[in-house]
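>>> Got a predicted model here, sequence first, then my questions.
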Amino acid sequence: MEPFGTITNFYPFLTENTRTIVETVLNEADGYDDFVNRLVDLVLFQKETNDLSYFTTIQAWLTVNLQIFDKLRDRILEDDVLRPWVYSLAFHGAQIKLDWDEVPSTLELALEKSPEDWVRVHLLMGGGKFAPALMREKYLEEAEEIMERCPELKCFLPEVYIKRGWDLRDGGNFQGAISHFERAYKIAKEHNDIIRMADANADLAGILKESDIWLAIRKKEEAYHIFKSIGALGWAVVEAADLGLFHTIIGEYDLAAEFYIEAHRISEPIGWKKTAAAVVLARLYCDIDLPEEALEWLKWRTNSEDFTPEVLKKLPSTEHRFYVLAVARTMIQLGQLDGVLQLLNETHKIVLQRGDEVGLINYNFVSGLLELSLGNLEEGMQYIVDSLDEAERLKYEVYVNSALIALTKAEILMAKRFKSQGDLESSGPWMTRLGIHSREKNYPGIKMQHAFFKAEYQEMIGETEAAVLTLQDALTFTDSSGVKTLRKRILKKLEELETSVKA
């Protein structure tokens, strides 16, 4: 394995013996994760904590690979300097019971006992992520002060900018976040810190996806290929899953599923990552009206045979709220409503207790689907409008798409119920809005879905020839393999309509 800055930037701070060990392991390793894994195995045989222990713990943390990082759990828990990294372990899915209010005291003890500035800087940057929100900036400023005093440590500055960037993004300052990620990328590139360079680029993509999805996809793909090329498999999993989300946003559902499944192929998800995988795949298949596929992924998460009313009753107390809402949505789309209302009521309490804005978006959306399924069209649409308003405010495009699609479907149902006939273009304002949204954002799969709904409405009002033209036009939007399912659906409907016109 060829050395790069993520590793070599630490060389000035390591003893000659430790550096020799690191270089020997580098020569034997097949890639970054393999390199770190080999170091971890060596450290586990050490009786005392030393610079190799610190270096290896930091590198294991940088892999975001829980299977490697978690091997250090006992060593981290028993050492006062290493102990703050246990919070990162838990964040990445390790099953550890922790009191997060103890982050500051745990960190202060580690800083007290930490022998070297390069270790202190990394401890403080960890505090910039896991400490209570009001204390994070303090820790990042202390890390910067050490770097100012010791300029040779400035190679680690990208991590400070990345953490600040995410705080700005969470606060709604998207331009500020972009500026920080760009700065992190520039400094990381100057120091050949490939991990942080690709991470900053991927983070930038995460911000851009709401405004320029195509640029975001290019940046995310670049990060994904870089991580794969250096054997940073933990990171490759993260980026593959994000590409799944990005392709979901543009309506390329088949390609999205491929990326999610590729992430599983690289590394079998465990803990909350398995939950997240089940949730996103269930959402994807529900979005294209394949709830049976969604159900299989939800069962995969819990190894459950069936979601009976008795099973549903227990879910809010045993599973993550997003998983519970994914189950509720899937059962609604399958027409199996027993126990769903109680499930939603219990989950609503949890969402409100947590002040979870994204959870509320999801809850309102699923509640709207339930009301629609019960025939309460106006009540259902209002729930989904509330979900849409929050999704647009918080700039979550994947939820915006789902809400607009659901509202368009409800609008068509309402038109059928009241036998209303408008013009050829639209069943009403929501179909119009979905069309404008999909065109302005240039989401090909969403444009195809809009066209399918438009043709369904045109057929309903007796304009079959117009419906044929609408579907023929939809097939020109893209021939990407990412819309394979949508194209098949459109071709099947087109064949039915053309046969009807000929008859």
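Great, that's in hand. None of the values given here were measured: they were computed from a predicted structure. Numbering: from 1, shown residues only.

>>> Around the closest residue to E459 other than its chain neighbours, how many other residues sit close by?
In space, and not counting its chain neighbours, E459 is closest to A467: 4.5 Å by Cβ to Cβ, 6 or more residues apart in numbering. Where C-beta positions appear, they are placed from N, C-alpha and C, glycine not excepted. Around A467 there are 28 other residues, counting by other Cβ atoms under 10 Å.

>>> Tell me how far the closest residue in space to L52 that isn't next to it in sequence lies from N442.
Nearest non-adjacent residue to L52, counting by Cβ to Cβ, 6+ apart: T18, 4.6 Å away. T18 is 52 Å from N442, where distance means Cβ to Cβ, to the nearest Å.

>>> Of these two, which one has the most company?
When T18 and N442 are compared for neighbours, T18 comes out ahead with 19 against 13, by other Cβ under 10 Å.

>>> And the average pLDDT for the strand or helix carrying the more buried one is what?
Applying DSSP states H and E as the criterion places T18 in helix 16-28. The average pLDDT for helix 16-28 rounds to 97.

>>> Show residues contacting it.
1, 3, 7, 11, 14, 35, 38-39, 42, 50-52, 55 (Cβ atoms under 8 Å, 6 or more residues apart in numbering).

>>> List the buried residues for that helix?
Buried positions in helix 16-28, judged by neighbour count with 16 or more other Cβ atoms under 10 Å: 18-19, 21-22, 25-26.

>>> Relative to E78, which of those is nearest.
T18 (20.6 Å; Cβ to Cβ).

>>> distance of that closest one from Q59?
For T18 relative to Q59 (Cβ to Cβ), the value is 12 Å.

>>> Mean pLDDT per helix and strand in the protein: which one sits at the bottom?
None of the helices or strands of the chain scores lower by mean pLDDT, DSSP states H and E than helix 309-318, at a mean of 86.

>>> Tell me the helix or strand right after that helix.
helix 321-333.

>>> That next one packs against which elements?
helix 272-287, helix 291-302, helix 309-318, helix 340-354, helix 357-373 (3 or more Cβ pairs under 8 Å, 6 or more residues apart in numbering; DSSP states H and E).

>>> As CSV, could you dump the C-alpha coordinates of it?
In CSV, the C-alpha atoms belonging to helix 321-333 read as follows (Å, rounded to 0.1, in the frame of the first residue of the first chain):
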residue,chain,number,x,y,z
ARG,A,321,-39.0,5.6,15.2
PHE,A,322,-38.0,5.9,11.5
TYR,A,323,-38.2,2.1,11.2
VAL,A,324,-41.6,2.0,12.9
LEU,A,325,-42.9,4.7,10.5
ALA,A,326,-41.5,2.7,7.6
VAL,A,327,-43.4,-0.4,8.8
ALA,A,328,-46.6,1.7,9.2
ARG,A,329,-46.3,3.1,5.7
THR,A,330,-45.7,-0.3,4.2
MET,A,331,-48.6,-1.9,6.0
ILE,A,332,-50.9,1.0,4.8
GLN,A,333,-49.8,0.5,1.1
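
>>> and it, average pLDDT?
On average, helix 321-333 scores 96.

>>> what's the angle from that helix to helix 340-354?
The directions of helix 321-333 and helix 340-354 differ by 160 degrees, with axes from the mean of the first three to the mean of the last three Cα atoms, to 10 degrees as the criterion.

>>> Stretch 42-57: end-to-end distance?
For stretch 42-57, the first-to-last residue distance is 12 Å (Cα to Cα, to the nearest Å).

>>> for the record, mean pLDDT for it?
On average, stretch 42-57 scores 95.

>>> Next: stretch 67-77.
Here the average pLDDT along stretch 67-77 is 95.

>>> Over to stretch 471-479?
94.

>>> Buried by neighbour count: which residues of it qualify?
With burial defined by 16+ other Cβ under 10 Å, the residues of stretch 471-479 counted as buried are 471, 474-475, 477-478.

>>> contacts for that stretch?
So stretch 471-479 is contacted by 444-445, 447-448, 451-452, 455, 483, 487, 490-491, 493-494, 497 (Cβ under 8 Å, 6+ apart).

>>> Can you tell me which of the residues you listed are buried?
If we count by 16+ other Cβ under 10 Å, these have these buried: 444-445, 447-448, 451-452, 455, 483, 487, 490, 493-494, 497.

>>> can I get those residues in CSV with secondary structure?
Conversion of those to CSV gives the following (DSSP: H, G, I helix; E, B strand; the rest coil):
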residue, secondary structure
P444, helix
G445, helix
K447, helix
M448, helix
A451, helix
F452, helix
A455, helix
V483, helix
R487, helix
I490, helix
K493, helix
L494, helix
L497, helix
